[in-house]
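S.K.: next comes the sequence, and after it the predicted model I'd like to discuss.
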Amino acid sequence: MRALVFDGQEPSLDSNRKDPTLVPSEALIRPLRMGVCATDLEICRGYMGFTGVLGHEFVGVVEQVGKKADKDWIDKRVVGSINCVCGKCDMCRGGLPEHCRDRTVLGIAGRDGCFADAFTLPIRNLIEVPPGIDDDHAVFTEPLAAAYQIIRQLTIEGRPFITVLGDGRLGLLCAQVMSQLNATVRCVGKHPDKLALCEKWGVKHRLLDDVGRRADQDIVVDCTGSATGFDTAVRMVRPRGKIVLKTTVSPDSQNQPIDLSPLVVNEIQVIGSRCGPFSEALATLSEQKVDVLSLISRRVKLTDAVDALRTAAQPDVIKVLLEP
């Protein structure tokens with residue numbers, strides 16, 4: 001089969017990759033759409049030390065299952081949680097399986113990803129996609145769920161001032177999700193063409209160069225995908241405010257030390273935020289509460305997946321979708 005593989009040095013298309021081995025608890029999935037994420041780009045810069053097949057955003061069809069008891073999943077269109085867990089450790093037993101001590105993560109840690117003709121995931125990770133959600137919408141389930149995770153982690157009191165920092169793939173999703181709260185929300189970024197989408201959605205937006213650093217925001221959500229985003233967030237948030245980190249970058253991208261003293265002096269809370277609720281994301285996509293189609297910049301065939309990564313890294317591009 002074909003697969004986009006990272007060998008620790010550079011990505012390449014392997015046209016003769018061995019088919020994945022199907023174990024009893026898992027399903028073999030044929031992807032219909034795959035989304036290129038900033039994490040995929042960071043992995044190619046050394047993030048997580050991952051090698052193997054890239055990719056974790058997908059919608060696909062179950063082609064085979066490992067045991068007969070799961071045969072009803074065959075031919076179903078699915079999305080799936082990227083965290084593959086043991087179910088036995090203290091985190092799993094304590095209700096935090098996404099932090100399983102022994103987890104593998106699709107296309108990120110210890111498990112080949114979805115940028116291939118086929119891949120596997122545990123049956124228990126799968127969620128059937130309702131018929132009313134097409135493939136172009138469904139492929140956004142994982143990043144949209146990550147945006148909803150922020151709401152789960154925050155307590156909104158009064159009508160806070162919230163800045164979503166970053167106008168890329170995740171930032172524009174987060175801006176739409178956060179604007180559903182009882183809050184004054186703005187998206188701040190560097191690219192006028194991307195921020196123009198906020199005008200379409202009725203979300204306040206400003207260019208970073210036009211925004212002061214007056215430490216007056218109650219909450220700042222860092223979606224920049226940049227090592228400098230955290231420093232900007234620190235200078236924007238008020239004393240005793242909150243910073244939500246959605247950015248992950250490779251060690252090589254962190255070319256300067258981070259000054260943590262303002263966190264102490266100003267008693268700022270920092271909240272790491274990762275994977276989120278797929279059910280809420282699918283419900284939102286079904287009700288069309290969030291515009292994802294406007295984020296699609298390019299469609300690229302799997303055969304040209306290496307070029308898709310290069311395209312996704314361009315500053316004027318928002319979302320690149322891979323197709324079989």
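M.R.: Now that the structure is in, tell me what you want to look at.

S.K.: for this protein, which helix is longest?
M.R.: Among the segments of the chain that qualify as a helix by DSSP state H, the longest is helix 141-153.

S.K.: contacts for that helix?
M.R.: Helix 141-153 is contacted by residues 35, 37, 56-59, 79, 82, 127, 129, 169-170, 173-174, 176-178, 181, 221, 244, 246, 271, 273-278, 280-282, 284-285, 290, 292 when judged by Cβ atoms under 8 Å, 6 or more residues apart in numbering. From N, CA and C alone the C-beta is placed, and that goes for glycine too.

S.K.: out of those residues, list just those in strands.
M.R.: Within these, residues falling in strands by DSSP state E are 35, 57-59, 79, 127, 221, 244, 271.

S.K.: adding distance to residue 7, neighbour count and pLDDT, write those out as CSV.
M.R.: What follows is the ones in strands among the contacts of helix 141-153, written out as CSV (distance: Cβ to Cβ, whole Å; neighbours: other Cβ atoms under 10 Å; pLDDT from 0 to 100):
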residue, distance to residue 7, neighbour count, pLDDT
35, 22, 26, 98
57, 21, 29, 98
58, 22, 30, 98
59, 27, 26, 98
79, 28, 27, 98
127, 32, 16, 98
221, 34, 32, 97
244, 34, 25, 97
271, 35, 14, 96
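
S.K.: just send those residues back as JSON lines, with distance to residue 228 too.
M.R.: Shown next, in JSON lines, are these (distance: Cβ to Cβ, whole Å):
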{"residue": "35", "distance to residue 228": "25"}
{"residue": "57", "distance to residue 228": "25"}
{"residue": "58", "distance to residue 228": "31"}
{"residue": "59", "distance to residue 228": "33"}
{"residue": "79", "distance to residue 228": "32"}
{"residue": "127", "distance to residue 228": "36"}
{"residue": "221", "distance to residue 228": "15"}
{"residue": "244", "distance to residue 228": "17"}
{"residue": "271", "distance to residue 228": "19"}
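
S.K.: out of these, which two sit at the greatest distance?
M.R.: Largest separation among the ones in strands among the contacts of helix 141-153 by Cβ to Cβ: 59 and 271, giving 29.1 Å.

S.K.: domain map for the chain?
M.R.: Domain assignment for the chain, taken from automatic domain parsing, gives 3-140+292-323, 146-272.

S.K.: quickly, which of those bottoms out on average pLDDT?
M.R.: Of all the domains of the chain, the minimum mean pLDDT falls on domain 146-272 (a mean of 92).

S.K.: distance from that one to the middle of the chain?
M.R.: The chain centre lies 16 Å from the centre of domain 146-272; the measure is Cα atoms, centre = their mean, to the nearest Å.

S.K.: please enumerate the helices of this protein.
M.R.: When assigned using DSSP H, the helices of the chain occupy the ranges 38-43, 90-93, 135-138, 141-153, 169-178, 192-201, 229-236, 261-265, 278-287, 305-312.

S.K.: in the second one, what counts as buried?
M.R.: In terms of neighbour count (16 or more other Cβ atoms under 10 Å), helix 90-93 has its buried residues at 91-92.

S.K.: same deal with the third one?
M.R.: Buried positions in helix 135-138, judged by neighbour count with 16+ other Cβ under 10 Å: 135, 137-138.

S.K.: okay, those residues in CSV with distance to residue 152 next?
M.R.: Output for those, formatted as CSV (distance: Cβ to Cβ, whole Å):
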residue, distance to residue 152
135, 27
137, 22
138, 21
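
S.K.: nearest to residue 88, out of these: which one, please.
M.R.: Checking these one by one against residue 88 (Cβ to Cβ), the nearest turns out to be residue 138, at 31.1 Å.

S.K.: which residues touch the closest one?
M.R.: Residue 138 touches 33, 59, 77, 79, 129, 282, 285, counting by Cβ under 8 Å, 6+ apart.

S.K.: and residue 312, how far from residue 117?
M.R.: Relative to residue 117, residue 312 is positioned 20 Å away (Cβ to Cβ, to the nearest Å).

S.K.: same question for residue 98.
M.R.: For residue 98, the distance to residue 117 - Cβ to Cβ - is 28 Å.

S.K.: residue 35 too?
M.R.: Using Cβ to Cβ, residue 35 is found at 17 Å from residue 117.

S.K.: just residue 57 next, same as before
M.R.: 16 Å.

S.K.: just residue 6 next, same as before
M.R.: Per Cβ to Cβ, residue 6 is found 17 Å from residue 117.

S.K.: okay, the two: which has more neighbours?
M.R.: residue 6 (20 against 15; other Cβ atoms under 10 Å).

S.K.: from residue 51, how far out is residue 9?
M.R.: 9 Å.

S.K.: ok, these two, which is more surrounded?
M.R.: More crowded of residue 9 and residue 51, by other Cβ under 10 Å: residue 51, with 13 against 9.

S.K.: and the nearest residue to residue 21 once chain neighbours are set aside, how many residues sit next to it?
M.R.: Take residue 21 and drop its neighbours on the chain: the residue closest to it by Cβ to Cβ, 6 or more residues apart in numbering is residue 120, 7.6 Å away. For residue 120, the count of nearby residues is 21 (other Cβ under 10 Å).
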